[in-house]
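[1] would you be able to build a 3D model of this:
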Amino acid sequence: MAPGVRLVQKVSSTRAFARIAPHLVPAMDRTVHRLTRGRVLLSAQMLPGVVLTVPGARSGQLRTTPLACMPEHGDGDPERAGSGRGGKSKGDRGGGEPGSWILVGSNFGRTGHPAWTANLLAHPDGAVISWKGHDIPVRAGLLAGAERAAVWETALRFWPPYAAYQARIDREIRLFRLERRDGPG
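    Next comes the predicted model:
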């Protein structure tokens, strides 16, 4: 585990972080992402991240949101930040790239679902992610039942603060799997 990760996990589990982070973290990520032409996300220094672009559920206008993610390489094992997993596993699309990504709609443990989750529900085939500087068209699927339960357990191992977020709220945190799709972004 990278130095400082446990401290960041502890801080990110607090209610104070949940009040501040939704305003500060995305703004910083958007700025750095724009300045580096999509090559860098600040928050991805701790967790892998994507920038999701999807039409708004009601407006239809494109909405762009930086998000933490769990890349999947087809073997059920998410890529950890800085793990440098070499080699190619089943599900890879060459070059060690993931075949899918899991997004966790935690909203930092705040009561409402994040808006981007409603956008994905309304436009599951309209999403594009920026992953390591590459725009990738994706199809979003809301996970449910046993599949959701298994992915949730993986998410808790991947980032333990998700348990604190879920404990603070009555809603079930939405989990989405984004899979590559053919076609323009």
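
[2] could you pick out the longest strand of this structure?
    strand 134-142 (DSSP state E).

[3] give me the residue at the spatial middle of the protein.
    C69 (2.7 Å; CA atoms, centre = their mean).

[4] hmm, that one is touching V50, no?
    Yes: with contact defined as CB atoms under 8 Å, C69 and V50 form a contacting pair (4.9 Å). Glycine gets a C-beta too; all of them are placed from N, C-alpha and C.

[5] between these two, which contacts overlap?
    The contact sets of C69 and V50 overlap at 101, 103, 178 (CB atoms under 8 Å, 6 or more residues apart in numbering).

[6] R148: which of those residues is nearest?
    L103 (12.6 Å; CB to CB).

[7] where does the closest one land in three-state SS?
    strand (DSSP: H, G, I helix; E, B strand; the rest coil).

[8] and it, what is it in contact with?
    L103 touches 50, 52, 67, 69, 116, 120, 140, 175-176, 178, counting by CB under 8 Å, 6+ apart.

[9] tell me which of these is nearest to A27?
    Within the contacts of L103, distances to A27 taken as CB to CB reach their minimum at L67, with 13.7 Å.

[10] so what's that closest one bridging to?
    Applying DSSP bridges to L67 gives these bridge partners: V50.

[11] quick one: it from R174, how far?
    12 Å (CB to CB, to the nearest Å).

[12] more neighbours: which of those two?
    Neighbours per residue, other CB atoms under 10 Å: of L67 and R174, the larger number sits with L67, 25 against 21.

[13] that one is in contact with G49, isn't it?
    Yes: the pair L67 / G49 is scored as a contact, 6.3 Å apart, by CB under 8 Å.

[14] pull out the buried residues from the top helix by length along the chain.
    Longest helix in the chain, counting residues (DSSP state H): helix 15-35. With burial defined by 16 or more other CB atoms under 10 Å, the residues of helix 15-35 counted as buried are 17-18, 21, 25-26, 29-30, 32-33.

[15] what about the helices in this structure?
    5-12, 15-35, 115-122, 145-158, 161-168.

[16] among those, which is nearest A57?
    Shortest distance between A57 and the helices of the chain, using CB to CB, is found for helix 115-122: 3.8 Å.

[17] against A144, how distant is L121?
    According to CB to CB, L121 and A144 sit 12 Å apart.

[18] try E153
    15 Å.

[19] any stretches of the protein with poor pLDDT?
    Scanning the chain for pLDDT under 70 picks out 1-3, 40-46, 74-96, 183-185.

[20] how does it look with 80?
    Across the chain, the stretches falling below the confidence threshold (pLDDT under 80) are 1-34, 36-46, 74-96, 183-185.

[21] cool, thanks, signing off.
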